[in-house]
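Student: Pasted the sequence and its predicted model underneath.
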Amino acid sequence: MFTILLLAVTTLLPAQQQTINLADQWGFQLDANDFERAFENSGAHKDVLNDFVMLPGTTDSNKKGIPTTAKPINRLSRYYEYVGPAWYQKEVLIPADWSGKTVRLFFERVLWISSVYVDGKLAGTEKSFSTPHEYDLSEVLTPGKHRISVCVDNRVGPEFDRWSHAFSEYTQTCWNGIVGRMELKAFDPVSFKSIKVYPDIERKSVRVKCTISNPAGGAVTGSVFFSAKAVNTDQPHQTGEVNMAFSGSGEQILAETEVPMGEKVQLWDDFSPVLYELNAHLAGNADNRVVADARKLTFGMREIGTDGAHFTLNKRRIMLRGTLECAVFPLTGYPDMSVAGWLRICKTVKEYGLNHIRFHSWCPPEEAFIAADQVGILLQAELPFWSEATRPGDPLSVFLKDEMARILEKYGNHPSFALLCMGNELRGNFDIMADLVRFGRETDPRHLYSGSTARKHLPEDQFYVSHQTTAGGITTYGARGPQTDYDLRKAYDVLKVPGVAHEVGQRAVYPNFDEIKKYTGLLYPRNFELFRDTLEKHGMLDQAKDFFNISGSMTVMLYKESIEALLRTPNSGGFQLLDLHDFPGQGTALVGILDPFWDSKGLVTPEKWREFCGPTVPILRFPKREYFNDETFLATAEIYHYAKEPLSDIDLHWDMKDSDNKVVASGKFKDQIIPESSLTPIGDIKVSLSRVKNPEKLTLTVYAGFSIKNEWNIWVYPKRIPLVKPDDFLVAATLDDAAISELNKGGNVILLPDIKQLNGKKGSFQNHFWCPIMFRWEPMTMGTLVKSNHPAFRDFPTSFYTEWQWWNIISQAVTLDLEGTPDSFRPILQSIDTYDRCLKEGIIFEARVENGKLLMAAIDFERNIANRPAAQQLLYSLKKYAGSPDFNPDQTLSIEFIKGMFKKPTLMTGAKIILTDSYETGNEPEKAIDGDPGTIWHTAYDNPGNFAVTNKLAESDYPHEIQIELGAETTFKGFIYRPRTDGRNGWISEYIFYVSADGKNWGEPVVQGRWAASDTPKEVLFAAPVTSRFIRLIALKGFSGQKWASMAELELVVKELQLPLI
């Protein structure tokens, strides 16, 4: 009987699913006051709309809403903005042969609430950011004409906050509309509602679970026929057909069976993304009526799991090498809804050696999963949540669980869908997140689950994405120094599940203003125009391209070190870059090596990037980058190898070349097999550097065969540098009478001041973290421009940007404010200020001053100079230049301008910190005595944490203290505590103050008391003057239960009557 039935059904199958494409012109009306559905008999749900838009599309794409010329500095700009209900309307003609069928309305993506009215009556409401909005309209869409009115409401309540990339204005925007596929489909009354495929790679079979829709609820009998064939492979494979009989009644009928895949089954993974196409045919009888349905779906034979600290894919250990995707789509303002578009993204990700994408606080459309399936990319989807959970059972918690269920239902079959996280950097009631993780694990074991990124690690977590554990930092945001002989294994050791480094990198690149012309869509970079205009106002627009190339080169260099540090960590589960491409929101965070369009910025080729970021990477551990030529270079080489097969029969060797590409040294490692999924030591390298006679940049390359290599630079300098006699110049530490006299006489002066006496900000080797608008952390610089062809560097080989040999120079330098100099004035060593301020700044400059010539370097050439080869060589090069005929500055500065670079002496001049209980990196205790109220000392804090730092100190509670040694024994009458003025965190409410002659015996407090909660300076006068060399302030308590203390400045009072406090 069923054979005859199947033959009959087979001939009918093309007619069983009929589709009406709804992509077309629709009627339209805005409803900002949400008034149109207030009355049953009149409104946009019932009346004919007289305006028109094209769908799929948005109010932006149809130029509806509020025209805007606003220029937000922190994101791209929309031409039209609209938040609120908007109405879309269309008449449809339902064919006669749809009578008695199930009719479903499908909108692929809506942001985020839709209500559908048919002929003026409400047919249903759907809420989802992540999955299609689908409606069963069988009862109301009978054959004939009907008017469908859809209200789309993109208002997002405060419970969601405004951060999630599912709706944030920072990225895809909070758009209103309907995008992707839009269609009506008719099915036989008994049809597939869902088909889920559960691979079992050990049994070489799949368990197929079907939910069969039977809205009439009557008795149904029938069969489902399954077969599968391999696709996306050049090795054909077809399974036999499996017949599953079913019967039942009720609106849903559940049935499942096992489909053997055979001995020749091919597995899906990141190297061989073999897919199978499952064909499912339903043939049945319902109320003596023949019913049929047919579906095709794609799945992969894969199993994602864990093995201690590692992920496993089909039982093989893997390491995630990933990037974020934060819904950045500047042409449309909403996600790409095409497979072709996502294939381009996935192939680009793969081209740069990555195998993973994390969708930060959002879930992409199905086209992204389809593309990732084909390319072999492992995806981490997330709930649309970056906020605070409150209590179980509240509307937000209910929505999140429902949204999670929808995501699993819609995308669960995709082999690329590996991980699901509940959101980004969540806070609040973590019992809710734990419940969601349990729900996911119980509902769909084909994926791994985690409660939140970068916050609390839950016992239920199957993996953990974070920047730190209880044992320290597990991510990298640049470099810890110019060395590579460290890793993060101790911090990972405390995890019992795979740990993934959170948002690695984040070093900002200067805007490329040539990119502006690429914004031909719905978003425009008015923020770029603001930055460009500011740079022009400060007279440096001609340097914009240099600033871009320098900061970009720095970012590539720091990404290399960040990634290698994690590849060196044998128990890391992987990393997620922030980001391979730019993030034009949250203050304009241009942290990518690709632009927002996934196009190269021209900073590094994919081939060069894959040398340090790919499945197989040579690794080198060595202690420093700068050497004297009487030293020996020592290093240990390893091979990071996370491919499917071992490396065998390969030539493991190395060489060291000079700047002329001549081999200085070379060697071979012993022949060996490199196991898959391993970090394997292959041998040591030892090179005497005595052959290097002149300053030289050397490049050491480790090869695994000849197609796999990685390289590192070191710099070698002569141990014995010729003495430069100061016959033709004066070396001065300050602009004293002797220096001024020499300049007045027309002499040459090299000014090498004590950098602690300079007005300026501490030098920073690394460019700014994330972006300067969101994180206003000093020193607010984007790298350093080197006039590499300038004769001052003739004996100091250097690139146009500061490579690793500059680390110990820049970190012991001060960036000087050169605003007020002529537009044509350019320092020799120029700090690049952030693109929102564009101040002219420098570290080394030259000028004609009075009748003479001045060369000034704001660099400490004394501290530990015996162990700083690069600093010694730079000083030699500067002196040699100053004594040469080439020293001929073409710009003039006044003596008063130079004097303004020095701090005016105070009682804190020469003071130094001798003890503090803790500090946050970037807010060191020296900031409390630097004479700058704009910088602060802040004790360490944990949450949200300073994400730019991986080796930060642990947070502790009050009391906090700071001890200071003054420059000399001093008599004073009191002190002034200046609270920070940029926020309340760390304000001190109770204190004790001590003095000491020796810094050991403190005796009784001089004074103690309380302060009010305000940012005004707090002057404290003693009962009598004191004379002391050492002072100590203990902060006993803060405000609002805070654990932290902060201080902008601590100053001493020499007399009771003070000048007005500034």
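Tutor: Sure, I can see it.

Student: what about the helices in this protein?
Tutor: Secondary structure of the chain (DSSP state H): helices located at 2-12, 339-351, 366-375, 395-411, 430-443, 489-492, 526-537, 544-567, 606-610, 737-744, 807-810, 869-882, 895-899.

Student: The fifth one versus helix 395-411: what angle between them?
Tutor: Read it as helix 430-443. 20 degrees (axes from the mean of the first three to the mean of the last three Cα atoms, to 10 degrees).

Student: Now do the buried residues in helix 430-443.
Tutor: 430, 432, 433, 434, 435, 436, 437, 439, 440, 443 (16 or more other Cβ atoms under 10 Å). C-beta here means a position set from N, CA and C on the backbone, and glycine is covered the same way.

Student: Render the CA-only coordinates of stretch 825-845 in PDB, please.
Tutor: Output in PDB follows, covering the C-alpha atoms of stretch 825-845 (Å, rounded to 0.1, in the frame of the first residue of the first chain):
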ATOM      1  CA  PHE A 825      57.600  72.400  12.500                       C
ATOM      2  CA  ARG A 826      58.100  68.600  12.800                       C
ATOM      3  CA  PRO A 827      60.000  66.800  15.500                       C
ATOM      4  CA  ILE A 828      62.600  64.200  14.600                       C
ATOM      5  CA  LEU A 829      60.900  61.700  16.900                       C
ATOM      6  CA  GLN A 830      57.200  62.500  16.800                       C
ATOM      7  CA  SER A 831      54.500  61.000  19.100                       C
ATOM      8  CA  ILE A 832      51.200  60.500  17.300                       C
ATOM      9  CA  ASP A 833      48.400  62.000  19.400                       C
ATOM     10  CA  THR A 834      45.000  60.400  19.300                       C
ATOM     11  CA  TYR A 835      42.800  61.200  16.300                       C
ATOM     12  CA  ASP A 836      40.200  63.000  18.400                       C
ATOM     13  CA  ARG A 837      42.700  65.600  19.700                       C
ATOM     14  CA  CYS A 838      45.500  65.700  17.100                       C
ATOM     15  CA  LEU A 839      47.900  67.500  19.200                       C
ATOM     16  CA  LYS A 840      51.400  68.000  17.900                       C
ATOM     17  CA  GLU A 841      53.800  66.100  20.200                       C
ATOM     18  CA  GLY A 842      57.400  64.900  20.200                       C
ATOM     19  CA  ILE A 843      60.200  63.300  22.000                       C
ATOM     20  CA  ILE A 844      63.300  64.500  20.000                       C
ATOM     21  CA  PHE A 845      63.300  67.800  18.100                       C
END
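
Student: Name the spans of the stretch 1-150 of the chain whose pLDDT lies under the cut-off.
Tutor: 1-17 (pLDDT under 70).

Student: How about the chain?
Tutor: Along the chain, segments meeting pLDDT under 70 span 1-17, 942-953, 1055-1062.

Student: In it, which strand is the longest?
Tutor: Longest strand in the chain, counting residues (DSSP state E): strand 1018-1038.

Student: Tell me who's in contact with residue 216.
Tutor: By Cβ atoms under 8 Å, 6 or more residues apart in numbering, the contact set of residue 216 is 189, 286, 287.

Student: Tell me how far residue 24 lies from residue 566.
Tutor: 50 Å (Cβ to Cβ, to the nearest Å).

Student: The nearest residue to residue 1005 once chain neighbours are set aside pairs with what?
Tutor: Excluding the flanking residues, the one nearest residue 1005 by Cβ to Cβ, 6 or more residues apart in numbering is residue 992, at 4.7 Å. Per DSSP bridges, residues listed as beta-bridge partners of residue 992: residue 1008, residue 1034.
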